[in-house]
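Asks: Sequence first, then the predicted structure:
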Amino acid sequence: MLLAGCVSSTLEIDQKAVQPIPAKLVTTMKSRGMTPADPVVVRIFKQESELEIWKRDHTGRYALLKTYPMCRWSGKLGPKTRMGDRQAPEGFYHVSTGMLNPKSQYYLSFNLGYPNRLEAALGYTGEALMVHGACSSSGCYAVTDEGVAEIYAVVREALKGGQTSFQVQAYPFRMTPKNMARYASDPNYGLWQTLKRGYDLFEVTKQPPQVGYCGRRYVFAAAGTTGLPTDPLAACPPENEDPLVASRAERERKMVESFLAEGSRMTAYAYADGGMHPVFRKVLQRDGAKKLAKMTSLTSVPVSRPEAALADPHVPGKE
């Protein structure tokens with residue numbers, strides 16, 4: 001895993017939105033058969049506090065380009081449902097050029113587009129949910145100024161290269177059988193099972209899935225599929241699931257059942273107010289919030305709720 005470092009003195013304030021992709025990252029792209037103009041997909045994992053950029057390579061499939069540690073996200077595992085709940089969104093989103101914000105108070109940012117069509121139909125409320133810099137979150141994903149500078153440059157060049165919008169997949173955790181078993185009793189498990197179908201489709205095909213809505217949930221199909229339902233409140237038509245994806249899903253379903261049958265003592269983490277990647281938590285523990293703020297923000301934006309960041313995640317009943 002490649003981790004973003006501390007804020008670099010090479011970052012600019014005035015020219016921040018037009019800074020080029022770092023030469024080292026361009027070299028990495030070339031070595032993997034990618035160009036700056038090739039399309040991208042972004043994946044976010046709350047529990048692991050990581051953001052991934054995937055990029056289409058010369059084979060036409062998407063490959064992981066880089067993983068960035070997230071310095072701060074807020075709320076708990078689970079979707080955002082209302083304004084003020086401090087939840088960072090979970091779901092599938094599509095970000096176009098107009099959703100990039102070169103004048104963000106958190107260095108640079110892009111809007112996830114929450115609520116999407118499904119969330120709006122379900123009556124979920126909230127606005128301006130972002131991926132941005134610094135180490136402060138109130139429903140957003142903060143990846144430091146240096147991290148967002150790279151991410152912004154990469155997605156900007158992909159959009160300039162002809163990608164109409166890029167897909168963002170935001171998950172509570174990596175959708176492994178162990179994690180699915182770990183959280184099987186969570187009230188949000190039904191949503192997470194649905195999100196896993198999109199996760200599996202991407203894992204198998206290495207193409208961003210087509211996203212539709214019906215029956216108050218997401219539906220997914222392989223890239224290039226047309227005719228997906230778009231009314232979140234309408235009944236769902238029969239689905240034609242990719243056989244490779246169906247095989248993977250069945251195999252992992254049995255693994256989940258096996259974990260549960262064994263009564264595996266797997267820790268299900270809880271959060272009072274979001275999380276922070278361990279690389280930043282170590283700095284916060286050792287040097288304090290002011291030092292971490294200087295490391296993650298050119299303008300030393302304060303670390304949001306540092307006490308909560310140190311306390312989370314926790315095991316319920318063992319606080």
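Replies: Now that the structure is in, tell me what you want to look at.
Asks: Where do the helices of this protein begin and end?
Replies: Assignment of helices within the chain using DSSP state H yields the ranges 23-31, 117-121, 145-160, 177-182, 189-205, 243-261, 278-287, 289-296, 306-311.
Asks: buried sites along stretch 69-86?
Replies: For stretch 69-86, the neighbour count (16 or more other Cβ atoms under 10 Å) marks 69-80, 85-86 as buried. Every residue, glycine included, has its C-beta placed from N, CA and C.
Asks: Least reliable of the helices of the chain by average pLDDT, please.
Replies: The weakest mean pLDDT among those belongs to helix 243-261, with a mean of 90.
Asks: quick check: angle from it to helix 189-205?
Replies: 130 degrees (axes from the mean of the first three to the mean of the last three Cα atoms, to 10 degrees).
Asks: Which neighbouring elements make contact with helix 243-261?
Replies: Identification of packing neighbours for helix 243-261 by 3 or more Cβ pairs under 8 Å, 6 or more residues apart in numbering; DSSP states H and E yields helix 177-182, helix 189-205.
Asks: Could you list the alpha-carbon positions for it in PDB?
Replies: Provided in PDB are the C-alpha atoms of helix 243-261 (Å, rounded to 0.1, in the frame of the first residue of the first chain):
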ATOM      1  CA  PRO A 243     -22.400 -16.000 -13.600                       C
ATOM      2  CA  LEU A 244     -18.900 -15.300 -12.400                       C
ATOM      3  CA  VAL A 245     -20.200 -12.800  -9.900                       C
ATOM      4  CA  ALA A 246     -23.000 -15.100  -8.800                       C
ATOM      5  CA  SER A 247     -20.500 -17.900  -8.300                       C
ATOM      6  CA  ARG A 248     -18.300 -15.600  -6.200                       C
ATOM      7  CA  ALA A 249     -21.300 -14.400  -4.200                       C
ATOM      8  CA  GLU A 250     -22.500 -17.900  -3.400                       C
ATOM      9  CA  ARG A 251     -19.000 -19.000  -2.400                       C
ATOM     10  CA  GLU A 252     -18.600 -16.100  -0.100                       C
ATOM     11  CA  ARG A 253     -22.100 -16.500   1.300                       C
ATOM     12  CA  LYS A 254     -21.200 -20.000   2.400                       C
ATOM     13  CA  MET A 255     -18.000 -18.600   4.000                       C
ATOM     14  CA  VAL A 256     -20.000 -16.100   6.000                       C
ATOM     15  CA  GLU A 257     -22.400 -18.900   7.100                       C
ATOM     16  CA  SER A 258     -19.400 -20.900   8.200                       C
ATOM     17  CA  PHE A 259     -17.900 -18.100  10.200                       C
ATOM     18  CA  LEU A 260     -21.300 -17.500  11.900                       C
ATOM     19  CA  ALA A 261     -21.800 -21.200  12.600                       C
END
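Asks: Which residue, other than its chain neighbours, is closest to residue 293?
Replies: residue 300 (4.8 Å; Cβ to Cβ, 6 or more residues apart in numbering).
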